[in-house]
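Undergrad: sequence plus predicted model, see below.
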Amino acid sequence: MITTTDLTKVYRSRGRDIAAVDGVSLHVEPGEVYGVIGRSGAGKSTLIRCLNLLERPTSGTVTVDGQDLTALAGRGSRAGRPLRRARTGIGMIFQHFNLLSSRTVQGNVELPLEILGLTRRERRRKALDLLDLVGLAERARAYPAQLSGGQKQRVGIARALAGDPKVLLSDEATSALDPDTTRSVLRLLRDLNQRLGLTVLLITHEMDVVKTVCDSAALMEGGRILESGRVHDLLATPGSRLARELFPFGGEAGADAGAAEGPVTVLDLTFHGEGAARPVVSRLARAHDADVSILGAALDTVAGRQIGRMRIQLPGRPEENAAALAFLREQGLTVETAGPPIAGPPGTLLDKPPAQAAAPDAEAAPAPGAPGTAGSAREDVR
Ligand SMILES: Nc1ncnc2c1ncn2[C@@H]1O[C@H](COP(=O)(O)OP(=O)(O)OP(=O)(O)O)[C@@H](O)[C@H]1O
């Protein structure tokens with residue numbers, strides 16, 4: 001539904017060129033919720049503004065619903081007619097809602113309908129339908145100042161849907177909202193995505209947003225995409241920074257490992273699926289007479305599916321534990337041999353260089369299983 005090819009946006013500032021977006025190639029499937037996550041300055045806002053040609057890219061292409069927008073003339077408010085028409089198929093919502101304070105809720109939703117040339121009656125009917133869709137029909141006559149943040153964002157969403165778009169772009173739409181309101185707005189986005197078949201591309205600095213609502217995600221840094229893919233595939237990818245950020249292992253992973261005598265093997269296990277818990281670790285201990293230490297564990301729901309992660313330690317070098325690794329893989333777990341124990345709080349990996357290329361020793365395979373303790377906390381990578 002959205003494809004960018006080698007998209008680049010260079011700003012010239014104080015005699016220096018800044019590549020805010022640097023060769024980004026993304027592919028967003030129809031009907032998916034796709035999150036681009038990164039810290040402040042990563043280039044997310046510039047990227048999203050290039051997608052609907054609010055900013056004209058320096059080079060590269062943007063195709064939305066089969067149409068190459070970069071081939072159409074103009075940008076921002078100076079877009080030519082074909083680009084303006086194409087833009088009606090792309091709704092956008094903003095962190096600070098961007099509502100007109102002098103207009104009622106209904107008036108705000110009617111604004112794009114006026115521009116589209118609907119009659120007063122058509123506008124009224126459509127605006128009320130849209131407000132109903134976002135659960136705000138009874139506040140149609142209120143003014144923005146009389147609404148909560150979550151209600152304002154719902155108005156923003158209703159307004160963004162006025163042109164019956166196939167694509168909704170969300171520019172940090174929940175960043176100004178508290179966690180409960182964030183969840184309810186994300187639920188609404190997911191609901192609209194499913195009911196209307198709407199493709200949603202959102203940018204965010206909050207891992208929790210990706211974890212709650214995204215089917216796919218990309219990690220952006222320094223204008224580039226470092227990693228991207230389906231969230232569940234990323235969770236099964238050894239060395240994935242996004243997976244580690246999305247779902248840290250929990251506890252003080254690695255805290256005890258340094259105390260071990262002699263060489264050890266530290267393994268990161270990922271359990272997929274919602275089947276009954278299988279006591280894989282105790283079976284491993286029995287079958288291989290292994291002294292297994294659990295260094296950290298967490299169970300959580302990511303993109304609607306239950307996932308468990310666990311870090312364990314076995315005595316001996318990895319080559320001495322080959323049979324144990326094979327046993328774990330036979331159980332359908334994704335197994336990654338961790339390097340030296342990783343200490344430090346979750347949420348710090350985005351500050352580090354990209355992960356090494358995937359180690360060859362892990363496989364994605366759905367399997368039931370349920371390790372340890374509570375899920376991870378909200379992660380803010382800004
Ligand atoms: N109009 C501009 N002129 C010059 N530099 C710009 C302009 N807009 C953005 N930049 C620079 O491009 C880089 C990316 O900025 P951008 O706002 O896209 O990042 P971001 O990930 O959205 O961060 P934030 O969440 O803080 O908005 C930054 O270094 C920023 O200073």
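TA: Looks like it came in fine.

Undergrad: list the contacts for residue 190?
TA: 33, 213 (Cβ atoms under 8 Å, 6 or more residues apart in numbering). Bear in mind the C-beta positions are built from the backbone N, C-alpha and C, glycine included.

Undergrad: mind telling me what element residue 248 is part of?
TA: Residue 248 is part of no helix or strand when elements are defined by DSSP states H and E.

Undergrad: can you tell me the strand partners of the helix or strand containing residue 229 and which way each runs?
TA: Remark: residue 229 resides in strand 224-230, with elements defined by DSSP H and E. Paired strands of strand 224-230, with direction, are strand 216-221 (antiparallel) (DSSP bridges).

Undergrad: how far does the partner strand sit from the chain's center?
TA: 7 Å (Cα atoms, centre = their mean, to the nearest Å).

Undergrad: hmm, who's touching that strand?
TA: Surrounding strand 216-221, the residues in contact under the criterion Cβ under 8 Å, 6+ apart are 24, 26, 28-29, 32-39, 42-44, 47, 210, 225-231, 234, 241-242, 245-246, 350.

Undergrad: can you say which of these are buried?
TA: Among these, those classed as buried by 16 or more other Cβ atoms under 10 Å are 24, 26, 28, 32-39, 42-44, 47, 210, 225-231, 234, 241-242, 245-246, 350.

Undergrad: just checking: which of those residues also lie near the ligand?
TA: 38, 42-44 (Cβ under 6 Å from any ligand atom).

Undergrad: next helix or strand past the helix or strand bottoming out on mean pLDDT in the chain?
TA: Ranked by mean pLDDT, DSSP states H and E, the helix or strand of the chain with the weakest confidence is strand 293-302, at a mean of 78. Where DSSP H and E defines the elements, the next helix or strand beyond strand 293-302 is strand 305-315.

Undergrad: for the stretch 51-200 of the chain, just list every one of the strands.
TA: Counting by DSSP state E, counting those that start in this stretch, residue ranges of the strands within the stretch 51-200 of the chain are 59-64, 67-68, 90-94, 167-171, 199-204.

Undergrad: out of the ones you listed, which comes closest to residue 282?
TA: Proximity to residue 282 (Cβ to Cβ) singles out strand 199-204 among the strands of the stretch 51-200 of the chain, at 38.9 Å.

Undergrad: return the set of buried residues in that closest one.
TA: 199-204.

Undergrad: helices or strands up against that strand?
TA: Contact here means 3 or more Cβ pairs under 8 Å, 6 or more residues apart in numbering; DSSP states H and E; on that basis strand 199-204 packs against strand 33-37, helix 44-51, strand 167-171, helix 179-196, helix 207-213.

Undergrad: the third one and the ligand, any residue contact?
TA: Yep, that's strand 167-171 we're talking about. No - under the criterion of Cβ under 6 Å from any ligand atom, strand 167-171 makes no contact with the ligand; the nearest approach is 8.3 Å.

Undergrad: by how many degrees do that strand and helix 179-196 diverge?
TA: 170 degrees (axes from the mean of the first three to the mean of the last three Cα atoms, to 10 degrees).

Undergrad: and strand 167-171, what's its mean pLDDT?
TA: Across strand 167-171, the average pLDDT comes to 96.

Undergrad: quick one: distance of it to the chain centre.
TA: 13 Å.

Undergrad: name the residues that touch that strand?
TA: Around strand 167-171, the neighbours that count as contacts under Cβ under 8 Å, 6+ apart are 1-2, 45, 48-49, 51-52, 64-65, 89-95, 157, 160-161, 189, 192, 198-204.

Undergrad: near the ligand, which residues of this structure?
TA: In this structure, the chain approaches the ligand at residues 11, 13, 18, 20, 38, 40-46, judged by Cβ under 6 Å from any ligand atom.

Undergrad: what does the strand holding residue 229 contact?
TA: With contact meaning Cβ under 8 Å, 6+ apart, strand 224-230 is reached by 22-26, 36, 43, 215-220, 234, 237, 240-242, 354-355.

Undergrad: avg pLDDT for it?
TA: Strand 224-230 comes out at a mean pLDDT of 95.

Undergrad: can you name the next helix or strand after that strand?
TA: Of the helices and strands lying after strand 224-230 in sequence (DSSP H and E), the nearest is helix 231-235.

Undergrad: I'd like to know how far the residue lying farthest from the centre of the chain sits from residue 263.
TA: Largest separation from the mean C-alpha position in the chain: residue 289, at 41.1 Å (Cα atoms, centre = their mean). Distance of residue 289 to residue 263, computed by Cβ to Cβ, to the nearest Å: 18 Å.

Undergrad: wait, isn't residue 333 in contact with residue 268?
TA: No - if you go by Cβ atoms under 8 Å, residue 333 and residue 268 don't touch, sitting 9.8 Å apart.

Undergrad: which of these two has more residues huddled nearby?
TA: Between residue 333 and residue 268, residue 333 has the larger neighbour count (other Cβ atoms under 10 Å), namely 30 against 24.

Undergrad: and the more buried one, its phi and psi?
TA: phi -80, psi 150 (degrees, to the nearest 10).

Undergrad: apart from its chain neighbours, what residue comes closest to it?
TA: Counting by Cβ to Cβ, 6 or more residues apart in numbering, residue 333 lies nearest to residue 269, which is 5.0 Å off, once chain neighbours are set aside.
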